[in-house]
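Student: Sequence first, predicted coordinates after that:
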Amino acid sequence: MATPAIARTRAELDAAHGDSTVSFVPTMGALHDGHLQLLKHARPLGETLVASIFVNPTQFAPGEDFDAYPRTFDADLERCAEAGVDIVFAPTVETMYPTGLVDTVTVDPGPLGSVLEGAVRPTHFRGVLTVVAKLFGLVRPDVAVFGEKDYQQLTLIRHMARELALGVEIVGCPTVREHDGLAMSSRNRYLSADERRQAAYLSAALRAGVAAGPDGADAVLAEAHAVLESAGITPDYLVLTDADMGEPRPGVDAHLLVAAKVGTPRLLDNTALTLGA
Ligand code: PAF
């Protein structure tokens with residue numbers, strides 16, 4: 001288990017990966033088994049595997065958990081070694097934002113950036129897309145892997161890579177779940193024991209929705225809502241879309257997305273499903 005090289009600047013990155021093909025997993029650290037899966041998925045996709053660890057200030061609004069976001073660099077490095085990462089890119093804020101955090105060029109996510117997560121966190125996706133575009137510019141990967149758990153983020157990054165012709169292939173990696181179905185997330189550590197039990201009902205609601213798929217969209221939403229209600233969870237949203245987050249249509253791959261506050265943390269989950277008429 002070789003320790004990855006640590007690069008903090010573009011020059012160090014370039015020196016470490018030379019001309020090899022690169023697969024890339026961007027992260028904000030606090031790596032859990034879900035990240036490990038992303039890294040393992042990315043490992044065979046390039047000659048050099050780069051993981052970035054950067055808690056990006058511009059995707060947190062004032063009052064969100066930027067300061068409290070867990071920073072566990074030494075443990076993260078061990079997980080990266082375990083997954084066969086060659087280079088950990090851990091830039092400083094100055095490397096990522098050389099002209100400062102305001103009055104700089106940013107990526108506008110378009111209409112999909114202002115609904116669902118974007119309605120609750122209006123500046124979030126601008127921050128995510130901007131930092132991901134910068135990371136792509138610095139790391140210059142051939143392939144980048146993102147978790148399907150943050151499905152709206154994954155969809156927006158796919159759109160950005162395609163529409164801005166960034167020349168990087170975006171690959172989605174299935175969500176990793178706890179034994180009771182809860183999607184793994186760095187924020188699960190904020191749940192109390194009672195909230196942790198309640199949180200499992202988010203994925204139970206999605207499973208109920210999938211089972212109702214053949215009966216159509218109304219049945220999917222009704223069944224999923226019933227499970228959330230039985231657990232005392234009021235969702236911020238529970239919506240059906242198509243696989244690209246457009247309007248859902250019968251017979252076309254659909255997606256069911258949920259977000260809810262369980263105690264302090266807001267938790268997200270989603271699943272693919274097939275809709276009957
Ligand atoms: O999903 C995340 O961890 C972050 O949003 C990302 C993609 C690393 C950008 O900061």
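Tutor: Arrived safely.
Student: looking at this, residue 25 is in a strand?
Tutor: Yes: under DSSP: H, G, I helix; E, B strand; the rest coil, residue 25 falls within a strand.
Student: OK, contacts around it?
Tutor: Going by CB atoms under 8 Å, 6 or more residues apart in numbering, residue 25 touches 35, 38-39, 42, 49-52, 85, 144-146. In short, each C-beta sits where N, CA and C put it, glycine included.
Student: how about a cut-off of 10 Å?
Tutor: 31, 35, 37-43, 45, 49-53, 80, 83, 85, 141, 143-147, 171, 173 (CB atoms under 10 Å, 6 or more residues apart in numbering).
Student: Please apply the same query to residue 238.
Tutor: Counting by CB under 10 Å, 6+ apart, the residues that residue 238 touches are 202, 205-206, 209, 220-221, 224-225, 228, 256-260.
Student: Let me know the closest of those to residue 115.
Tutor: Proximity of the contacts of residue 238 to residue 115 was ranked by CB to CB; the top entry is residue 257 with 10.6 Å.
Student: and the closest one, what element?
Tutor: strand 253-261 (DSSP states H and E).
Student: And that strand, how far out from the chain middle?
Tutor: 14 Å (CA atoms, centre = their mean, to the nearest Å).
Student: Residue 124 is in contact with residue 60, isn't it?
Tutor: Yes: between residue 124 and residue 60 there is a contact at 7.9 Å, judged by CB atoms under 10 Å.
Student: neighbour-wise, which of these two wins?
Tutor: residue 124 (21 against 18; other CB atoms under 10 Å).
Student: Let me know the distance separating the residue nearest to that one when sequence neighbours are not counted from residue 101.
Tutor: Take residue 124 and drop its neighbours on the chain: the residue closest to it by CB to CB, 6 or more residues apart in numbering is residue 59, 5.4 Å away. Distance from residue 59 to residue 101, counting by CB to CB, to the nearest Å: 11 Å.
Student: Need the residues touching each of the two.
Tutor: Contacts common to residue 59 and residue 101, judged by CB under 10 Å, 6+ apart, are residue 127.
Student: who has more neighbours, the two?
Tutor: With neighbours defined as other CB under 10 Å, residue 59 and residue 101 compare such that residue 59 has more, 21 against 11.
Student: All set, thanks.
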